[in-house]
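Asks: Test case, fold it:
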Amino acid sequence: MDEEYDVIILGTGLKECILSGLLSVDRLKVLHMDRNDYYGGESASLNLNQLWKKFRSSSSPPTHLGSSRDYNVDMSPKFMMANGALVRVLIHTDVTKYLYFKAVDGSYVYNKGKIHKVPTTDMEALKSPLMGIFEKRRARKFFIYVQEYLETDPKTHDGLDLTRITAKELFTKYGLDDNTVDFIGHALALYRDDHYLCEPALETVKRIKAFSRLSAVYGGTYMLNKPDCKVTFDEEGKANGVTSEGETARCKKVVCDPSYLPNKVKKIGKVSRAICIMSHPIPNTNDSQSLQIILPQKQLGRKSDMYVFCCSHSHNVAPKGKYIAFVSTEAETDQPEKELQPGLNLLGAVDEIFFDTYDIYEPVNEPSLDNCFISKSYDATTHFETTVQDVLAMYTQITGKVLDLSVDLSAASAADE
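Replies: So this is what the prediction gives:
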């Protein structure tokens, strides 16, 4: 361990692992360490025994739930958007050669007390019970506009400058009502609140279009079970290494999750979540084996959205006949059992349920002054888009470069086939 590295990364959560891969692809010498004897950090996957140990330390799981090793319960479960930034990052690092992907059965939205499949095309919009007949016609025109819109072709702009008009003004032009705007903004564009309505419409259109459509290989070094990892600093306050068990590895920069440098982060909120084991798919979802449900804030009278994530044996996270569902939201009270009830009400009968809250942290340091690059805590969303935004911002801070993710996904897919 007594060597010098370009970057030392502390923690093996998803964000840290992606950064490790990106920096290693750039041919930087990377040392990746974790105080735990397993990978994953706050985004680790637990078997049934580990899940029980984490939440019910004094008991063992009941035998009717099946074998412990048949469970892989993510602590921060999220879906990848097929046209999202994470897919592009994985292609950039070449790890797609070692991965297999499985599509999710559906994305749903909670509206007026019921679950509805999210329409993603003009034809699906016409069939959706989310809207009345006249609203469907207006929504169809809007979806056609979005599908045909090309930023570089003014002929597709219909005389609108999406860099100048707001998302709210664009929706108003097409006469869309508040309920339609609600599911488009939160279930399609994946915004977590309504601030986007007052911002330029271009980003919203891009998000809607996007919805409807490995480090060790490059020389990174991994070390697990390295207790008491302590960042060392020089006389100017710049990080220059990491010490563990009497050994010190020198480096130019340190990357870590908030738990490694608690004096350089601040608490900005917390997440409430429920982890549920069930023996049936979520009702009213066409027996979907995997799905997400977004409950927009307005539908619940809240300040933030609520999310339901469900997977099953089809994604190898549970034995056949068992389902794992998560309900999560940004905490607005100190009562997760009560606060999460709108999402829990959608699940039907539950075999076992675990309630949990965790704090959300963000860095307050200036990396250019101390060479410390700290990730943000994971949010309550069911997708990776906010996670990757943090990773890409950190990559730019660390390297001074903007990662080029302009890969042709269809060409990459064809090449893999």
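
Asks: For the stretch 201-350 of the chain, which segments count as helices?
Replies: Applying DSSP state H, counting those that start in this stretch to the stretch 201-350 of the chain gives helices spanning 201-212, 297-300, 336-339, 341-344.

Asks: Reformat those helices as JSON lines; add mean neighbour count.
Replies: Placement of C-beta: from N, CA and C, glycine included. Putting the helices of the stretch 201-350 of the chain into JSON lines (neighbours: other CB atoms under 10 Å) gives the following:
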{"stretch": "helix 201-212", "mean neighbour count": "19"}
{"stretch": "helix 297-300", "mean neighbour count": "18"}
{"stretch": "helix 336-339", "mean neighbour count": "16"}
{"stretch": "helix 341-344", "mean neighbour count": "19"}
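
Asks: okay, those helices in a markdown table with distance to Asp105 next?
Replies: As requested, the helices of the stretch 201-350 of the chain are exported to a markdown table (distance: least, CB to CB, whole Å):
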| stretch | distance to Asp105 |
| --- | --- |
| helix 201-212 | 16 |
| helix 297-300 | 22 |
| helix 336-339 | 27 |
| helix 341-344 | 18 |
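
Asks: mind checking which of the ones you listed is nearest Asp404?
Replies: helix 201-212 (17.2 Å; CB to CB).

Asks: So which of the helices of the stretch 201-350 of the chain is nearest Asp390?
Replies: The minimum distance between Asp390 and the helices of the stretch 201-350 of the chain falls on helix 201-212, with 17.1 Å, by CB to CB.

Asks: Which elements pack onto the closest one?
Replies: Here helix 201-212 touches helix 133-148, helix 167-173, going by 3 or more CB pairs under 8 Å, 6 or more residues apart in numbering; DSSP states H and E.

Asks: For the stretch 151-300 of the chain, which residues score under the pLDDT cut-off?
Replies: 210-225 (pLDDT under 70).

Asks: ok, which stretches of it are strands?
Replies: Secondary structure of the stretch 151-300 of the chain (DSSP state E, counting those that start in this stretch): strands at 221-223, 230-233, 239-244, 247-256, 265-278, 291-295.

Asks: Looking at these, which is nearest to Tyr378?
Replies: For the strands of the stretch 151-300 of the chain, distance to Tyr378 was read as CB to CB. The smallest value, 7.7 Å, belongs to strand 265-278.

Asks: what about the closest one, distance to the chain center?
Replies: 13 Å (CA atoms, centre = their mean, to the nearest Å).

Asks: what helices or strands is it leaning on?
Replies: Short answer (3+ CB pairs under 8 Å, 6+ apart): strand 265-278 packs on strand 323-330, helix 336-339, helix 341-344, strand 352-363.

Asks: Pairing partners for that strand, with directions?
Replies: When sheet partners are counted by DSSP bridges, strand 265-278 sits next to strand 323-330 (antiparallel), strand 352-363 (antiparallel).

Asks: highest average neighbour count across these?
Replies: Neighbour counts (mean count of other CB atoms under 10 Å) averaged over each of the strands paired with strand 265-278 peak at strand 323-330, with a mean of 26.

Asks: Switch the helices and strands packed on strand 265-278 over to TSV; also include distance to Leu28.
Replies: Below are the helices and strands packed on strand 265-278 laid out as TSV (distance: least, CB to CB, whole Å):
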stretch	distance to Leu28
strand 323-330	34
helix 336-339	41
helix 341-344	42
strand 352-363	21
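
Asks: for the ones you listed, which one sits closest to Pro77?
Replies: strand 323-330 (5.6 Å).

Asks: What's the separation between the closest residue to Arg273 other than its chain neighbours and Phe171?
Replies: Nearest residue to Arg273, sequence neighbours excluded (CB to CB, 6 or more residues apart in numbering): Ser328, at 4.0 Å. Separation of Ser328 from Phe171 (CB to CB, to the nearest Å): 27 Å.

Asks: Doesn't Arg35 belong to a helix?
Replies: No: Arg35: not assigned to a helix; according to DSSP: H, G, I helix; E, B strand; the rest coil it is coil.

Asks: Settle this for me: it is touching Lys230, isn't it.
Replies: No: using CB atoms under 8 Å, Arg35 makes no contact with Lys230, being 10.3 Å away.

Asks: low-scoring stretches of the stretch 301-417 of the chain, by residue?
Replies: Ranges of the stretch 301-417 of the chain meeting pLDDT under 70: 407-417.

Asks: how about the strands in it?
Replies: 306-312, 323-330, 352-363, 372-374.

Asks: Export these to TSV and append columns for distance to Ile293.
Replies: As requested, the strands of the stretch 301-417 of the chain are exported to TSV (distance: least, CB to CB, whole Å):
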stretch	distance to Ile293
strand 306-312	4
strand 323-330	9
strand 352-363	17
strand 372-374	32
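
Asks: quick one: which of these is nearest Thr243?
Replies: Closest among these, once you apply CB to CB, is strand 372-374, at 14.9 Å.

Asks: now Val89: how far from Gly159?
Replies: With CB to CB as the criterion, Val89 and Gly159 are 36 Å apart.

Asks: Would you check how far apart the nearest residue to Met75 once chain neighbours are set aside and His315 are?
Replies: The shortest distance from Met75 to any non-neighbouring residue, by CB to CB, 6+ apart, is to Ala44 (5.5 Å). Look at Ala44 and His315: by CB to CB, they are 17 Å apart.

Asks: what does Ile8 give?
Replies: 33 Å.

Asks: The two: which has the busier surroundings?
Replies: Shown here are Ile8 and His315; by other CB atoms under 10 Å, Ile8 has more neighbours (27 against 15).

Asks: Just want to know which of Val89 and Gly159 has more residues nearby.
Replies: More crowded of Val89 and Gly159, by other CB under 10 Å: Val89, with 23 against 5.
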